[in-house]
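Visitor: Return atomic coordinates for the entry below.
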Amino acid sequence: MSDAEAGPVDVLTPRDVPLGGPRAMTVRRTLPQRARSLIGAWCFADHYGPDDVARTGGMVVAPHPHTGLQTVSWLFSGEIEHRDSLGSHAYVRPGELNLMTGGHGISHSEVSTPRTTVLHGVQLWVALPGEHRHTERDFQHYVPEPVRTDGAEIRVFLGTLAGAASPVRTFTPLLGAEVTLEPRAALTLAVDPRFEHGVLVDQGQVRMADTLLHPAELGYVPTGRDTLTLTNESDEAARTVLLGGTPFEEEIVMWWNFIGRSNEDIVQARSDWMKGSRFGEVVGYDGAPLTAPELPHVPLKPRGRVR
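Guide: All right, here's what the predicted structure looks like:
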């Protein structure tokens, strides 16, 4: 099905969320929200910056745990130092993918470096399917080569698009790419009709099919499309992040930094973190790890994709 034959685009608007602390930068969160929890296995999308670190202090996130997910870090500007309990010590830089697999349990820290003056990027999570949610912790780094087409530049960091394929391992079929459009350029991409897709606009005014998206908005389309047309309606370059994947059919329980399948999964993960077991130690971070917030007084309920 082409764009012309397909239905309307759903527009997800962000909400502002402080990362913590009186001087912490604010991120714009489009996933999850009441209207939609997932796009494929993508279950979390934070968009931040351009952030003047001299004013906000930048990103300083002490060691904290993850279970049942993969974290995907992608920057437009700045630099973040990553350390994890696997022993990885790496830097997140513009145009370079850092993907961390939490599996049964991992912990990590994220700190913008002194070289960073402006911090700008996205932090994304991928839910692991039930058969792999207790997999071994892992860390992968990948620098995709840009693909240049008429009026656009594409960096495919997960999956396959525009003749480029990422070698990075995922546990469900996924697509992740940065797509930059020249002023007034239009781009039609061949996409997998099995996938649902989301386009997060970083800068510019971008028309997705017949729907105009503004910065920080995420446009969603369901499965069934074999092409996706993006048009830059502004006189400056526009930048987007294209996400896609086959519908994630499992229900998940998502709380703080944990993804499980039941309230009991989350209670156990929080207990293990507070006891100092399961998640390992982040070596090299100067400071104490984060304390888990208190659980709500009512059991956490599973949620899944919107049918």
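Visitor: Can I get stretch 123-134 in PDB, CA atoms only?
Guide: Extracted as PDB, the C-alpha positions of stretch 123-134 are listed here (Å, rounded to 0.1, in the frame of the first residue of the first chain):
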ATOM      1  CA  GLN A 123      17.600   8.100  23.900                       C
ATOM      2  CA  LEU A 124      15.600   5.100  22.900                       C
ATOM      3  CA  TRP A 125      14.600   1.800  24.400                       C
ATOM      4  CA  VAL A 126      13.700  -1.500  22.800                       C
ATOM      5  CA  ALA A 127      11.600  -4.100  24.600                       C
ATOM      6  CA  LEU A 128      13.100  -7.600  24.500                       C
ATOM      7  CA  PRO A 129      10.700 -10.400  23.600                       C
ATOM      8  CA  GLY A 130       9.800 -12.900  26.400                       C
ATOM      9  CA  GLU A 131      12.200 -15.700  25.100                       C
ATOM     10  CA  HIS A 132      15.100 -13.300  25.200                       C
ATOM     11  CA  ARG A 133      14.400 -10.900  28.100                       C
ATOM     12  CA  HIS A 134      16.800 -12.800  30.400                       C
END
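Visitor: how about it: buried residues?
Guide: Using 16 or more other Cβ atoms under 10 Å as the test for burial, stretch 123-134 gives 123-128, 133. For the C-beta atoms, the positions are set from N, CA and C on the backbone; glycine is no exception.
Visitor: Now do the same contact list for Pro146.
Guide: By Cβ atoms under 8 Å, 6 or more residues apart in numbering, the contact list for Pro146 reads 95, 153-155.
Visitor: what's the answer for Ala165, then?
Guide: 156, 159.
Visitor: Just confirm Ala185 contacts Arg148, I think it does.
Guide: No - Ala185 is not in contact with Arg148 according to Cβ atoms under 8 Å; the separation is 11.8 Å.
Visitor: Look at the two and report which has more neighbours.
Guide: Ala185 (16 against 11; other Cβ atoms under 10 Å).
Visitor: ok, now how distant is the more buried one from Pro299?
Guide: 50 Å (Cβ to Cβ, to the nearest Å).
Visitor: Same question for Asp192.
Guide: For Asp192, the distance to Pro299 - Cβ to Cβ - is 37 Å.
Visitor: neighbour count winner among those two?
Guide: Shown here are Asp192 and Pro299; by other Cβ under 10 Å, Asp192 has more neighbours (18 against 12).
Visitor: returning to what we had before: can you say which of the contacts of Pro146 are buried?
Guide: Buried, going by 16+ other Cβ under 10 Å: 153-155, out of the contacts of Pro146.
Visitor: which among those gets closest to His64?
Guide: Closest to His64 out of these is Arg155 (27.8 Å), distances taken as Cβ to Cβ.
Visitor: ok, what's across the strand from the closest one?
Guide: Partner residues in beta bridges with Arg155, using DSSP bridges, are Glu178.
Visitor: Same question for the one 10 residues further on.
Guide: The bridge-partner assignment for Ala165, based on DSSP bridges, gives Thr160.
Visitor: now do Tyr142
Guide: Residues in a beta bridge with Tyr142, per DSSP bridges, are Leu97.
Visitor: Quick check, central residue of this protein?
Guide: Nearest to the mean C-alpha position of the chain, by Cα atoms, centre = their mean, lies Leu124 at 1.3 Å.
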